[in-house]
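# Below are the sequence and a predicted model for it; my questions follow.
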Amino acid sequence: MMGKSHAAELLDKLETFLKSQNFGESPKELYEPIEYILSLGGKRIRPLLSLLTYGMYQSNPERILKQASAIEVFHNFTLMHDDIMDQAPLRRGKDTVHEKWDANIAILSGDVMLVRAYDLLVETDPSLLPEIIKLFNKTAAEVCEGQQFDMNFESLPEVTEEEYINMIRLKTAVLLGCALKMGAVLGGAGEIESSKLYDFGVNIGIGFQLKDDLLDVYADQAKFGKQVGGDIISNKKTFLLIKALELAKEKESEELKHWLSQTEFDKEEKVRSVKAIYEKLGIKNLTEAKMNSYFDAGFHQLDNIEFKNNSYFDELKQITEDLIHREK
């Protein structure tokens with residue numbers, strides 16, 4: 001019988017480590033939401049990428065559980081604050097922190113999560129700490145920039161494809177790049193290899209978001225965790241809608257604008273009508289081509305990359321492939 005994969009072992013160690021963290025005791029309203037949001041799970045893909053990348057260059061990736069966990073704590077901090085801004089009632093099928101407690105608690109609790117992320121980072125080898133903190137700080141600021149662009153888009157009459165790609169690069173993709181680069185830097189990889197891994201993460205991250213946009217419209221409802229067509233119902237400016245508005249001729253353009261302007265409507269009818277316009281304009285194929293161009297560009301960064309441990313590299317590629325082919 002085969003033993004556990006590196007990824008399965010590392011995920012177990014990561015969960016044990018996160019559960020063992022005492023972020024603080026009192027006042028309980030400040031610290032309980034941190035344990036709560038971290039207990040909701042998720043794929044833990046970002047810290048796992050850090051650990052696997054470190055494993056490509058050094059043995060015992062559990063040596064960097066603290067730094068990998070810092071990325072996961074930061075990621076969940078951004079989710080806690082994003083949920084307040086989006087007034088989202090659910091996160092991973094459970095009440096969001098601001099629903100379970102209130103918005104003020106979610107703001108403060110999120111703030112202390114960011115501080116705790118730095119606590120986890122500071123135990124890095126002093127010779128590497130400045131580079132790691134700079135990488136983390138640059139990424140953290142970019143994630144905030146991406147979120148602000150996303151909020152700006154809600155009130156803009158028009159968003160270009162280029163603006164949208166830049167927004168998802170900042171909001172989603174750079175944190176994947178950061179996770180990979182952090183594992184590489186801590187593992188002693190050279191600057192060229194670290195940069196290639198960063199670019200791999202950013203390209204794959206953009207592809208993942210385009211995949212999410214597609215799944216929101218075309219997923220099998222039985223497999224999809226949320227309402228199919230939710231983006232259409234809420235007029236979210238996804239890649240699909242941006243391309244449809246750009247390519248629509250007069251008749252489709254009028255129909256799209258009609259649905260975008262309605263405040264009261266039958267949800268199923270709106271989803272059906274907008275999907276029909278997407279079909280007419282070939283939007284699904286265009287989105288898939290764009291998505292695949294980013295996946296291809298990402299994997300191209302891994303060509304001729306230097307590393308020491310094949311098994312970790314193979315698993316890094318396999319996990320990425322699995323995420324690319326997911327149906328939910």
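Sure, I can see it. Residues are numbered from 1 along each chain as shown.
# Looks to me like Glu327 is in a helix.
No. Under the criterion used here (DSSP: H, G, I helix; E, B strand; the rest coil), Glu327 is coil, not part of a helix.
# so it touches Tyr218, yeah?
No. Using Cβ atoms under 8 Å, Glu327 is not in contact with Tyr218, being 9.8 Å away. C-beta: built from backbone N, CA, C; applies to glycine.
# Could you list the low-pLDDT ranges of the stretch 151-300 of the chain?
Along the stretch 151-300 of the chain, segments meeting pLDDT under 70 span 224-226.
# what's the neighbour count on the closest residue to Leu90 other than its chain neighbours?
Once flanking residues are discounted, Leu90 sits nearest to Thr96: 6.4 Å by Cβ to Cβ, 6 or more residues apart in numbering. The burial count assigned to Thr96 is 25, neighbours taken as other Cβ atoms under 10 Å.
# Tell me the confidence at Thr96?
Looking at Thr96, its pLDDT is 95.
# Could you measure from it over to Asp111?
Per Cβ to Cβ, to the nearest Å, Thr96 is found 16 Å from Asp111.
# Same check on Ala179?
Relative to Asp111, and taking Cβ to Cβ, Ala179 is found at 22 Å.
# between the two, who's got more neighbours?
Neighbour count, other Cβ under 10 Å: between Ala179 and Asp111, Ala179 has more, with 29 against 14.
# part of a helix, is that one?
Yes. If the criterion is three-state DSSP, then Ala179 is within a helix.
# need the contact list for it.
Going by Cβ atoms under 8 Å, 6 or more residues apart in numbering, Ala179 touches 46-47, 49-50, 53, 68, 71, 201.
# Go through those residues and flag which are in helices.
Taking DSSP state H as the definition of helices, those contribute 46-47, 49-50, 53, 68, 71, 201.
# On the pLDDT front, check Leu90 for me.
87.
# now Lys328
76.
# Touching, it and Val228? I think so.
No. Between Lys328 and Val228 there is no contact under Cβ under 8 Å: 10.4 Å.
# which neighbours do the two share?
Ala219.
# Can you give me every residue that contacts the nearest residue to Ala103 once chain neighbours are set aside?
Excluding the flanking residues, the one nearest Ala103 by Cβ to Cβ, 6+ apart is Ile84, at 5.2 Å. Counting by Cβ under 8 Å, 6+ apart, Ile84 makes contact with 96, 98, 103, 106-107.
# 10 Å instead, please
By Cβ atoms under 10 Å, 6 or more residues apart in numbering, Ile84 lies in contact with 96-99, 102-104, 106-107, 110.
# My assumption is that it lies in a helix; please confirm.
Yes. Assessed by three-state DSSP, Ile84 belongs to a helix.
# Mind pulling up the pLDDT for it?
Looking at Ile84, the pLDDT reads 96.
# Buried ones in stretch 86-94, by neighbour count?
Arg91 (16 or more other Cβ atoms under 10 Å).
# residues making contact with it?
With Cβ under 10 Å, 6+ apart as the criterion, stretch 86-94 contacts 36-37, 39-42, 76, 79-80, 82-83, 95-100, 103, 147, 150-151, 225-226, 234.
# Tell me the buried residues within those.
36-37, 76, 79-80, 82-83, 96-99, 103, 147, 150.
# Among Lys328 and Val228, which residue is more densely surrounded?
Val228 (19 against 10).
# isn't the more buried one right next to Glu327, touching?
No. Using Cβ atoms under 10 Å, Val228 is not in contact with Glu327; the gap is 11.6 Å.
# shared neighbours of those two, anything?
Shared contacts of Val228 and Glu327, counting by Cβ under 10 Å, 6+ apart, come down to 215, 218-220, 222.
# In helices, which of the residues you listed appear?
Reading helices off the shared contacts of Val228 and Glu327 with DSSP H, I get 215, 218.
# for the shared contacts of Val228 and Glu327, which one is nearest Tyr312?
Leu215 (28.7 Å; Cβ to Cβ).
# Brilliant, that's me finished.
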